[in-house]
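# please work out how this folds:
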Amino acid sequence: MASLIQFAYALGCPNFREKTSVTISHQLLHQRRTIFSDYKGRRSLPIVICSAANKPSPSTEISSTAKIRSEVLSPFRSVRMFFYLAFIASGALGGLIATTQLIAALTNPSKTTEVIDILKGLGIDIGAVSLFVFLYVRENKVKNAQLSRLAREESLSRLKIRVDEKTIIPVSSLRGIARLVILAGPGSFIADSYKLSEPLTDSLLDRGVLVVPFATDGQLPSFEFEELLDTEEIMAKRKRLWKLLPVFVSEWSEWLDEQKKLANISSDSPVYMSLRMDGRVRGSGVGYPPWNAFVAQLPPAKGMWSGLLDGMDGRVL
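The predicted model follows:
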């Protein structure tokens, strides 16, 4: 029973969590890694199905998490922005003082010789304020862009995918386990992407790649296999590579539409998005995913280099 409760916690079922006070132990990682154990003939875990009411966390919680991650990724940004504001305040105060001196000099004929020096000081203050305002605005834009990206990644991590007919998990459950490649487009685009990936099935699985196909027209291909041409082992590998399916389609559509809008891509364009092992977005584009590039760039998910090269998934977008 304790294992069942912990697995429900990992699947992100809030209604189930509210009724228990059990905390996640070190066994959770082992449970997550055995989600796909049926592929290798091992026993499967007890199954807990999340109801349709299990929505992603509110935006306030996502924003809080994104802010924490932003501070970790850019620890000196807040210090820089503080000094920018301090310099802006100092320059504005100096400009105010210079302005009052200029007014006094212009109204007093005996101080007309001081006007030029006052104007020079006022110009320096205005230039300094303008410079630090520019730096602050630029830094703030970078911060907002990063927060927006991190918030979208947190939203993505809470979206649900179906492993089989009875098992539904959030994307975050596969962090450290798989490198997801999300495909979004009409059924014909998904079918062509599947055919292009066939020759590289073994190499993609060796690198921990799992595909999440999302048919925007609702016409998801059945991925039927030619039994006369393929061995049972090859068929099993292809099914494993393409087994994940998105659930709660409206939430996936909303997230993908926002992503396309931010990238200035047409809403009906077929796109792909690849994730790092840690769940961050490493690459995206319009059209078919570059399966050959994934095989060439990604390190194996298992073996002596797996832990050392987990961070070599490519730069984060």
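
# shaky segments in the stretch 201-317 of the chain?
For the stretch 201-317 of the chain, the stretches with pLDDT under 70 are 223-230, 303-317.

# residue boundaries of the helices in it?
201-206, 232-241, 249-262, 291-297 (DSSP state H, counting those that start in this stretch).

# need the contact partners of stretch 195-207.
The contact list for stretch 195-207 (C-beta atoms under 8 Å, 6 or more residues apart in numbering) reads 179, 211, 234, 237-238, 240-241, 288-289, 291-292, 294-295, 298-302. (Glycine included, C-beta is placed from N, CA and C.)

# what subset of those residues is buried?
Neighbour counting with 16 or more other C-beta atoms under 10 Å marks 179, 211, 237-238, 240-241, 288-289, 291, 294, 298-299, 301 as buried within these.

# need the residues you listed in a markdown table (columns: distance to I103).
Shown next, in a markdown table, are the buried ones among the contacts of stretch 195-207 (distance: C-beta to C-beta, whole Å):
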| residue | distance to I103 |
| --- | --- |
| R179 | 66 |
| V211 | 70 |
| K237 | 81 |
| R238 | 81 |
| R240 | 78 |
| L241 | 75 |
| Y288 | 68 |
| P289 | 66 |
| W291 | 71 |
| F294 | 68 |
| L298 | 67 |
| P299 | 68 |
| A301 | 71 |
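
# and stretch 93-112, how far from the chain's centre?
On the basis of C-alpha atoms, centre = their mean, to the nearest Å, stretch 93-112 sits 55 Å off its chain's mean C-alpha point.

# and for stretch 125-139?
Put simply, stretch 125-139 sits 31 Å off its chain's centre (C-alpha atoms, centre = their mean).

# buried ones in it?
Here stretch 125-139 shows 125-126, 128-129, 132-133, 135-136, 139 as buried, counting by 16+ other C-beta under 10 Å.

# quick check: of these, which lies closest to E71?
Nearest to E71 among those: E139, at 13.8 Å, using C-beta to C-beta.

# and the closest one, what element?
helix 115-158 (DSSP states H and E).

# for that helix, which helices and strands make contact with it?
Secondary structure elements in contact with helix 115-158, counted by 3 or more C-beta pairs under 8 Å, 6 or more residues apart in numbering; DSSP states H and E, are helix 59-73, helix 77-107, helix 249-262.

# if we go to 6 Å?
With contacts taken as 3 or more C-beta pairs under 6 Å, 6 or more residues apart in numbering; DSSP states H and E, helix 115-158 sits against helix 59-73, helix 77-107.

# now those helices as TSV including mean neighbour count?
Formatted as TSV, the helices and strands packed on helix 115-158 follow (neighbours: other C-beta atoms under 10 Å):
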stretch	mean neighbour count
helix 59-73	14
helix 77-107	14
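
# how about CSV for the ones you listed, with distance to V247 and mean pLDDT added?
Conversion of the helices and strands packed on helix 115-158 to CSV gives the following (distance: least, C-beta to C-beta, whole Å; pLDDT from 0 to 100):
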stretch, distance to V247, mean pLDDT
helix 59-73, 19, 63
helix 77-107, 37, 91
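
# distance to S222 for these - can I get that in TSV?
Listed next are those as TSV, based on distance: least, C-beta to C-beta, whole Å:
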stretch	distance to S222
helix 59-73	35
helix 77-107	49
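
# of those, which is nearest E154?
Set against E154 and scored by C-beta to C-beta, the helices and strands packed on helix 115-158 come closest in helix 59-73, at 4.6 Å.
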